[in-house]
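Student: whatever this is, show me its structure:
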Amino acid sequence: MRTVSQPKRIKSIVILGGGTAGWMTAAALSRALKPDNIKITLIESDKIGTVGVGEATIPHIRTFNAMLGINEAEFIKATQATYKLGIQFCGWGSADSDYFHPFADFGKSFENIEFQSLYQKARQAGLTLPLDAFSTAIAASRQNKFCQPDTLPVQLLNNFSYAYHLDATAYAQFLRRYAEKLGVIRIEGQLETIQTRLPDGHIQALILDNQAKVEGDLFIDCSGFKALLIGQHLKVNYQNWSHWLKCDSAIAMQSEQLSPLPPYTLSTAHGSGWFWQIPLQNRTGNGIVYSRDYLSDDAALAKLTHQLNLTEPNAINGPIRFTPGMRDQSWQKNCIAIGLASGFLEPLESTSIHLIQLSIFKLLELLPADTQYEAARDEFNSLVKTEYINVRDFIILHYALNQRHEDFWQACRTMALPSSLQTKIDLFKTSGYLTQKQQGLFFKPSWQSVLFGQGITPKAHDPKADKLSNQQALDWVQTYLSKQMQTVDKMPLHQDWLKQTGVLNR
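Tutor: Below is the predicted model of the structure:
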């Protein structure tokens with residue numbers, strides 16, 4: 001008679017790799033689990049460096065920090081962070097275009113009519129302002145102003161959120177201190193070999209270069225692009241999406257802090273990709289993202305140096321190579337990939353930390369009590385895949401809607417799109433409707449910002465809006481704009497807000 005093995009309690013979790021992904025995972029697990037019940041070990045090596053040029057985030061990171069019970073002021077001081085209201089995109093439509101993607105709604109509905117339709121009717125009455133004029137977050141960004149939305153007395157105009165620009169290396173160190181206080185054990189070392197359990201091929205132990213043997217029940221691969229466990233050992237296939245996301249390289253460089261201090265990330269298109277600018281309290285993180293099919297490494301470095309008005313390069317990190325895509329499965333056997341080991345979609349919309357956070361939250365929801373975790377594994381893989389695809393489509397949108405003349409941009413404009421994205425664009429063009437199916441991270445205002453910002457105006461609006469005349473719609477949007485201007489006029493400069501709240505380090 002065949003013997004059926006009984007599931008065993010999970011008593012130890014081993015995380016391979018530190019950095020942002022590893023220490024976010026360790027901090028979350030140590031917060032959620034009792035160390036007497038489940039031992040958490042993180043393996044990393046000081047010999048492996050990180051790129052610490054500044055990282056932009058999205059508002060979801062506030063949920064993660066709140067889950068950990070982290071004090072915002074302490075976090076901001078420790079990471080040299082600044083506030084972020086959104087992203088400014090320069091040159092992404094035509095070469096001289098300029099629009100914002102804010103963490104906010106546009107305007108406000110009136111009599112159950114969405115603002116987009118009111119805006120379209122107001123345009124028929126002579127309105128010439130772009131959609132992004134009707135956002136408190138954008139108006140504040142353009143004047144380098146900031147305050148937290150709950151400090152605004154007018155409910156009509158506090159419908160925005162915020163994130164941070166931060167030093168990712170400092171954030172990992174901050175979380176390391178947090179996790180170790182809660183019992184996480186850190187082991188110094190690099191992976192040498194992997195001991196596999198027979199006959200099922202699960203990972204049994206990691207053997208390090210110092211001959212230390214680290215056994216575990218679950219292994220979390222946070223080893224970055226190398227994907228030492230999920231990729232090199234378990235051979236899980238990586239889906240290559242570079243036919244849609246053509247950039248494959250980046251060079252990062254630091255520069256002096258900006259003054260005045262902007263509360264937004266800047267993304268500026270160039271002939272073969274784009275530049276980023278991320279303002280921290282003590283310095284500025286800069287970079288160039290590009291496709292080697294259209295721009296050499298040397299030319300990219302020269303272009304970035306020129307963009308920063310430097311006579312010679314300064315504090316260079318890179319070239320950093322990447323292949324946009326994701327694993328077929330992020331959880332295979334008893335190994336779960338989180339962060340770059342799971343996938344990467346390029347830094348355009350600051351989603352890297354979010355995708356780490358998503359995987360962590362889904363793992364916490366589905367974390368099995370024992371080794372009978374097939375159902376949890378399948379659900380985790382499905383949820384992570386759905387989110388990666390949703391984020392992928394949103395990033396592709398930026399490239400697909402360009403009107404630039406360079407070869408790189410023409411290739412992006414004429415490429416065949418994923419059917420999920422093409423359907424969404426076609427529906428919006430004809431009716432102004434944005435499907436909510438599998439919405440994922442980016443909600444309707446995010447899509448509106450890119451579609452309108454890059455020149456797509458729907459042919460029609462919601463018929464419910466026709467109970468108002470064009471002039472009535474114009475009057476409503478102008479009233480909103482007047483209140484918005486009054487609100488932003490009273491907001492402090494971003495740097496002054498940091499001073500007032502006691503989080504400015506200098």
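Student: those helices in the stretch 401-506 of the chain, which residues are they?
Tutor: Secondary structure of the stretch 401-506 of the chain (DSSP state H, counting those that start in this stretch): helices at 407-414, 419-431, 444-453, 470-489, 494-500.
Student: which other helices and strands does the fourth one contact?
Tutor: Put plainly, it is helix 470-489. Packed against helix 470-489 by the contact rule (3 or more CB pairs under 8 Å, 6 or more residues apart in numbering; DSSP states H and E) you find helix 115-124, helix 136-142. Just so you know, the C-beta spots here come from the backbone N, C-alpha and C atoms, and that holds for glycine as well.
Student: deepest-packed of the helices of the stretch 401-506 of the chain, please.
Tutor: Comparing the helices of the stretch 401-506 of the chain by mean neighbour count (mean count of other CB atoms under 10 Å), helix 444-453 ranks first with a mean of 21.
Student: picking that back up, out of the helices of the stretch 401-506 of the chain, which comes closest to residue 314?
Tutor: Across the helices of the stretch 401-506 of the chain, the minimum distance to residue 314, taken as CB to CB, is reached by helix 494-500, at 23.3 Å.
Student: ok, back up a step: let me have the helices and strands packed on helix 470-489 in CSV, extended by mean pLDDT, mean neighbour count and distance to residue 74.
Tutor: Formatted as CSV, the helices and strands packed on helix 470-489 follow (pLDDT from 0 to 100; neighbours: other CB atoms under 10 Å; distance: least, CB to CB, whole Å):
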stretch, mean pLDDT, mean neighbour count, distance to residue 74
helix 115-124, 93, 23, 37
helix 136-142, 96, 26, 25
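Student: which one of those lies closest to residue 73?
Tutor: When the helices and strands packed on helix 470-489 are compared by CB to CB, helix 136-142 sits nearest residue 73, at 20.8 Å.
Student: could you list every helix and strand in contact with that closest one?
Tutor: Checked by 3+ CB pairs under 8 Å, 6+ apart, helix 136-142 has strand 86-90, strand 98-102, helix 470-489 packed alongside it.
Student: burial measure for the closest residue in space to residue 337 that isn't next to it in sequence, as a count.
Tutor: Nearest residue to residue 337, sequence neighbours excluded (CB to CB, 6 or more residues apart in numbering): residue 230, at 4.0 Å. Look at residue 230: counted by other CB atoms under 10 Å, it has 27 neighbours.
Student: SS state for residue 230?
Tutor: Following DSSP: H, G, I helix; E, B strand; the rest coil, residue 230 is assigned to helix.
Student: next up, the contacts around it.
Tutor: Each residue near residue 230 by CB atoms under 8 Å, 6 or more residues apart in numbering is listed here: 221, 236, 327, 330, 332, 335, 337, 341-342.
Student: repeat that for 7 Å
Tutor: The contact partners of residue 230, by CB atoms under 7 Å, 6 or more residues apart in numbering, come to 221, 236, 327, 332, 335, 337, 341.
Student: which of the residues you listed fall within strands?
Tutor: 221, 327, 332, 335, 337 (DSSP state E).
Student: any idea which of the residues you listed is closest to residue 371?
Tutor: Relative to residue 371, the closest of these is residue 335; by CB to CB it sits at 12.9 Å.
Student: now do the same contact list for that closest one.
Tutor: 203, 219, 221, 229-230, 234.
Student: most neighbours among the residues you listed, please name it.
Tutor: Top of the contacts of residue 335 by neighbour number is residue 221, holding 34 neighbours under the definition other CB under 10 Å.
Student: could you measure from that one over to residue 210?
Tutor: From residue 221 across to residue 210, the span is 20 Å (CB to CB, to the nearest Å).
Student: what's the answer for residue 256, then?
Tutor: In terms of CB to CB, residue 256 sits 41 Å off from residue 210.
Student: now, which of the ones in strands among the contacts of residue 230 sits nearest residue 261?
Tutor: Nearest to residue 261 among these is residue 337, at 36.2 Å by CB to CB.
Student: is it true that that closest one touches residue 219?
Tutor: No. Counting by CB atoms under 7 Å, residue 337 stays clear of residue 219, with 9.7 Å between them.
Student: for the most centrally placed residue in the chain, what are its contacts?
Tutor: Nearest to the geometric centre of the chain sits residue 351, at 1.4 Å (CA atoms, centre = their mean). Applying CB under 7 Å, 6+ apart, we find residue 351 in contact with 58, 345, 391, 441.
Student: how about it, phi and psi?
Tutor: The phi and psi values for residue 351, taken as degrees, to the nearest 10, are phi -100, psi 0.
Student: for residue 191, same thing?
Tutor: Phi and psi for residue 191, reported as degrees, to the nearest 10, are phi -70, psi 130.
Student: so what's it up against?
Tutor: Residue 191 neighbours (CB under 7 Å, 6+ apart): 16, 206, 208, 228.
Student: list the contacts of the residue lying closest to the third one once chain neighbours are set aside.
Tutor: For residue 208, ignoring the flanking residues on the chain, the nearest one in space by CB to CB, 6+ apart is residue 189 at 3.5 Å. Under the criterion of CB under 7 Å, 6+ apart, the contact list for residue 189 reads 43, 45, 208-210, 212.
Student: dig out what residue 87 forms beta bridges with.
Tutor: residue 101, residue 265 (DSSP bridges).
Student: per-residue confidence at it?
Tutor: Predicted confidence (pLDDT) for residue 87: 97.
Student: so how far is residue 99 from it?
Tutor: Separation of residue 87 from residue 99 (CB to CB): 10 Å.
Student: got the domain boundaries for this structure?
Tutor: Domain assignment for the chain by automatic domain parsing gives 10-93+161-386+397-403, 94-147+404-487.
Student: please work out which of these is packed deepest.
Tutor: Most buried among those, counting by mean count of other CB under 10 Å: domain 10-93+161-386+397-403, with a mean of 19.
Student: now do the same for residue 438: its pLDDT.
Tutor: In this model, residue 438 is scored at 54, pLDDT.
Student: low-confidence ranges in the chain?
Tutor: The model of the chain has pLDDT under 70 over residues 1-6, 49-54, 154-156, 436-440, 506.
Student: how close does residue 45 get to residue 15?
Tutor: 13 Å.
Student: go on, residue 115?
Tutor: Per CB to CB, residue 115 is found 45 Å from residue 15.
Student: same check, this time on residue 141
Tutor: Distance of residue 141 to residue 15, given as CB to CB: 37 Å.
Student: same question for residue 72.
Tutor: Distance of residue 72 to residue 15, given as CB to CB: 26 Å.
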